[in-house]
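Student: got a structure for you, letters missing:
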């Protein structure tokens, strides 16, 4: 499997290095601390899966290399900016095992750094000069932020599964979608190709987040850089919890208690162990597989290129990864 | 004077109503609370001076009405978003005399609402479809945020006047500049016209902020909605303080004490009263006048239209206003 994941990565390695470089170039004079902090944020890892999606789709459909690199860099910057603000909102002290900006510098600098990175993302996108792309791009930011606001306001949840898919669409799949859709737009492809690639991004994005939510349950702290079942501890109900509750006679009551924040720490610990020991994890991974398969179908009519094969590999990696 | 200010406003009233409407139209589905909060923020006043600058410049140079309205709405949204985040950074409880979002809702919702308004601003700008404009626009956001970061990091100040002008450029003049420059770009004007209108916006913006800083000293709390000499109390050194210190034998020591935050409350009160009684206020207003005059010179070669006259009136209003 190691070889497999290396393959799709290898195909974009030179372009990805250029993406890394462009994320670090500032188009304007700024305070020297900003270079340091942006470097700190960008060096802290991340799989660069969104840029890879852009680059592979662009390569497959023959989009301009330079524009694709700018789009890839812009999308990763946008993603980074939202993470910076997220850490402030959550009050997280760690991300990927290293201290968050908020923990290091406090809220003021965190808000501003996120804003600055938004501006850099917008600037990178603007250099492409596509009205259609800019519109979709701005809409995606609205979707992401609106998802977080809905979560914050803890609206009455009628259908927890629907709420879950809406939330992970906003949080993750929307930016995957714009990665593949945006690259297809850059290539000047026909509407149906753009639509298919958008759908590919959507399905892979949903699968990616479902797997993330599984990893939150099954990984140990050292691997994910945060406590196990961090989501549940923060009152966030993910798919493993929903499947567990469905198979449980007291499931509805369980969900309600979690939503109301009525479960004590001991109850949470018992629940985490019960979910880990149950079939819910397996069921959740099967659901992720279904999304990946639906996504892969979208590649059917695409040009037979090494990039197309790599997109299939990337789709498999999304569900097979352990971190 | 009342009649004068009404004149330039009257000329853009119908378009300004359309700007107000477009700022409130959401291009995507979102949480219902967002409508309420955006309406709350937009209804809390503001002089709409940036949209007026866009509309008058567009009218004078013959830019497309629809695009101009979108640019005006976009710039005011961008301005609003930065204010929302500012209130969080400052910890301000009031703005324009009404509770800030941060005081009402807390930091999480404040960050996200600001982000959402940024996205809306970007979306409005993207509908215009000008690559040049989008680039300048993204750069302006970088300038604004970088200015705030520099302030937050309290970098060693070598030349306090230079620091002051750099700060008020980032804070205010940069967005005035993009208002007039952007409208000139939309009109398809020649490079020299765009440059002149950019310079007009710059000079009027600097004058506007200088007057704001004077009003902070001379107004009573009821008028500005915050305590008198709020800036100085927060350790922010503005032009009246700089002129006062220049005329004072202990001026350098005074500035140093303020920069280091070494002055006690009694000292601050004494200083505020001394500045209010000194010539510094008059000197500062004279400096604002000089910026307005330099700005007005830029209008010399512009088409003789009612909008041109209105821009002159607006320039005078900037220094004559009392709120």
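Tutor: Good, I have the coordinates. Everything quoted here is computed from the prediction, not taken from an experiment.
Student: contacts, neighbours, all on C-alpha from now
Tutor: OK.
Student: quick one, phi/psi of residue A:94?
Tutor: When read as degrees, to the nearest 10, the backbone of residue A:94 gives phi -130, psi 150.
Student: tell me the bridge partners for it.
Tutor: Under DSSP bridges, the beta-bridge partners of residue A:94 are residue A:99.
Student: low-confidence ranges, chain A, go.
Tutor: Along chain A, the parts satisfying pLDDT under 70 run over A:1-6, A:154-156, A:221-227.
Student: flag every residue of it that's near chain B.
Tutor: A:27-28, A:30-31, A:85, A:88-90, A:107-109, A:111-113, A:115-116, A:119-120, A:122-123, A:126-131, A:134-135, A:138-139, A:141-143, A:145-146, A:148-150, A:152 (Cα under 8 Å from any Cα of the partner chain).
Student: again, only using 6 Å
Tutor: Residues of chain A that fall close to chain B, judged by Cα under 6 Å from any Cα of the partner chain: A:30-31, A:89, A:108, A:116, A:119, A:122-123, A:126, A:129, A:131, A:134-135, A:138, A:141-142, A:145-146, A:150.
Student: those in helices, which ones?
Tutor: Counted as lying in helices by DSSP state H, out of those, are A:89, A:108, A:116, A:119, A:122-123, A:126, A:131, A:134-135, A:138, A:141-142, A:145-146, A:150.
Student: contact partners of stretch A:170-178?
Tutor: By Cα atoms under 6 Å, 6 or more residues apart in numbering or on different chains, the residues outside stretch A:170-178 that reach it are A:50, A:143-144, A:147, A:198, A:201-202, A:205-206.
Student: in that stretch, what's buried?
Tutor: For stretch A:170-178, a neighbour-count test (16 or more other Cα atoms under 10 Å in any protein chain shown) marks A:170-178 as buried.
Student: how many neighbours does residue A:200 have?
Tutor: Residue A:200 has 26 neighbours, counted by other Cα atoms under 10 Å in any protein chain shown.
Student: verify the stated contact: it with residue A:293.
Tutor: No. Counting by Cα atoms under 6 Å, residue A:200 sits too far from residue A:293 to count as a contact (9.6 Å).
Student: residue in the stretch 151-300 of chain A nearest to chain B?
Tutor: The nearest approach of the stretch 151-300 of chain A to chain B comes at residue A:152, 7.3 Å away (Cα to the nearest Cα).
Student: neighbours around that residue, how many?
Tutor: For residue A:152, the count of nearby residues is 14 (other Cα under 10 Å).
Student: for it, phi and psi?
Tutor: Note on residue A:152: its backbone torsions stand at phi -60, psi -40 [degrees, to the nearest 10].
Student: any figure for the gap between it and residue B:105?
Tutor: According to Cα to Cα, to the nearest Å, residue A:152 stands 11 Å off from residue B:105.
Student: got it, and residue A:11?
Tutor: 47 Å.
Student: those two: who's more crowded?
Tutor: Neighbour count, other Cα under 10 Å: between residue A:11 and residue B:105, residue A:11 has more, with 17 against 10.
Student: helix or strand: which one has the more buried one?
Tutor: For residue A:11, the element it lies in under DSSP states H and E is helix A:2-24.
Student: do you know how far the residue lying closest to residue A:305 once chain neighbours are set aside is from chain B?
Tutor: Nearest residue to residue A:305, sequence neighbours excluded (Cα to Cα, 6 or more residues apart in numbering or on different chains): residue A:60, at 6.0 Å. Per Cα to the nearest Cα, to the nearest Å, residue A:60 is found 26 Å from chain B.
Student: about what we covered before: need the max-distance pair from the buried residues of stretch A:170-178.
Tutor: The largest separation in the buried residues of stretch A:170-178, counting by Cα to Cα, is between A:171 and A:178 at 12.5 Å.
Student: just put the contacts of stretch A:170-178 in a markdown table and tack on neighbour count.
Tutor: Shown next, in a markdown table, are the contacts of stretch A:170-178 (neighbours: other Cα atoms under 10 Å in any protein chain shown):
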| residue | neighbour count |
| --- | --- |
| A:50 | 23 |
| A:143 | 23 |
| A:144 | 25 |
| A:147 | 21 |
| A:198 | 24 |
| A:201 | 30 |
| A:202 | 27 |
| A:205 | 29 |
| A:206 | 29 |
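Student: what number of residues lie near residue A:297?
Tutor: Neighbour tally, residue A:297, other Cα under 10 Å: 13.
Student: now residue A:113
Tutor: Neighbour count for residue A:113, taken as other Cα under 10 Å: 22.
Student: repeat for the one 3 residues further on
Tutor: Using other Cα under 10 Å, residue A:116 is surrounded by 24 other residues.
Student: how about the contacts made by it?
Tutor: So residue A:116 contacts B:142, B:145 (Cα under 6 Å, 6+ apart).
Student: rerun that using 8 Å as the cut-off
Tutor: B:141-142, B:145-146 (Cα atoms under 8 Å, 6 or more residues apart in numbering or on different chains).
Student: among those, which are in reach of chain A?
Tutor: Counting by Cα under 8 Å from any Cα, B:141-142, B:145-146 from the contacts of residue A:116 sit close to chain A.
Student: hmm, back to that, identify all contacting residues around the helix holding residue A:11.
Tutor: With Cα under 8 Å, 6+ apart as the criterion, helix A:2-24 contacts A:35, A:38-39, A:51-52, A:55-56, A:69-70, A:72-74, A:77, A:307, A:310-311, A:313-314, A:317.
Student: my guess is residue A:323 meets residue A:214, correct?
Tutor: No. Taking contacts as Cα atoms under 8 Å, residue A:323 lies outside contact range of residue A:214: 10.4 Å.
Student: if we can go back for a sec, in three-state terms, label the residue nearest to residue A:305 for me.
Tutor: Secondary structure state of residue A:60, per DSSP: H, G, I helix; E, B strand; the rest coil, is helix.
Student: if I pick it, what's in contact with it?
Tutor: Listed by Cα under 8 Å, 6+ apart, the contact partners of residue A:60 are A:302-308.
Student: report the two of those separated the most.
Tutor: It's A:302 and A:306 that sit farthest apart of the contacts of residue A:60, by Cα to Cα, at 11.3 Å.
Student: could you pull up phi and psi at residue A:249?
Tutor: The phi/psi pair for residue A:249 (degrees, to the nearest 10) is phi -60, psi -30.
Student: how about the longest helix along chain A: buried residues?
Tutor: Longest helix in chain A, counting residues (DSSP H): helix A:191-218. Within helix A:191-218, the residues that qualify as buried are A:193-218, counting by 16+ other Cα under 10 Å.
Student: now for that helix, which elements pack on it?
Tutor: helix A:160-168, helix A:174-186, helix A:230-233, helix A:239-246, helix A:265-277, helix A:280-297, helix A:306-320 (3 or more Cα pairs under 8 Å, 6 or more residues apart in numbering or on different chains; DSSP states H and E).
Student: of the contacts of helix A:2-24, just the buried ones, ChimeraX syntax please.
Tutor: A single ChimeraX command is used to select the members of those judged buried by 16+ other Cα under 10 Å:
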select /A:38,51,52,55,56,69,70,72,73,74,77,307,310,311,313,314,317
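Student: so the residue sitting furthest away from the middle of chain A versus residue A:243, what's the distance?
Tutor: Centroid-distance maximum for chain A: residue A:249 at 33.2 Å, with Cα atoms, centre = their mean. Distance, residue A:249 to residue A:243, by Cα to Cα: 12 Å.
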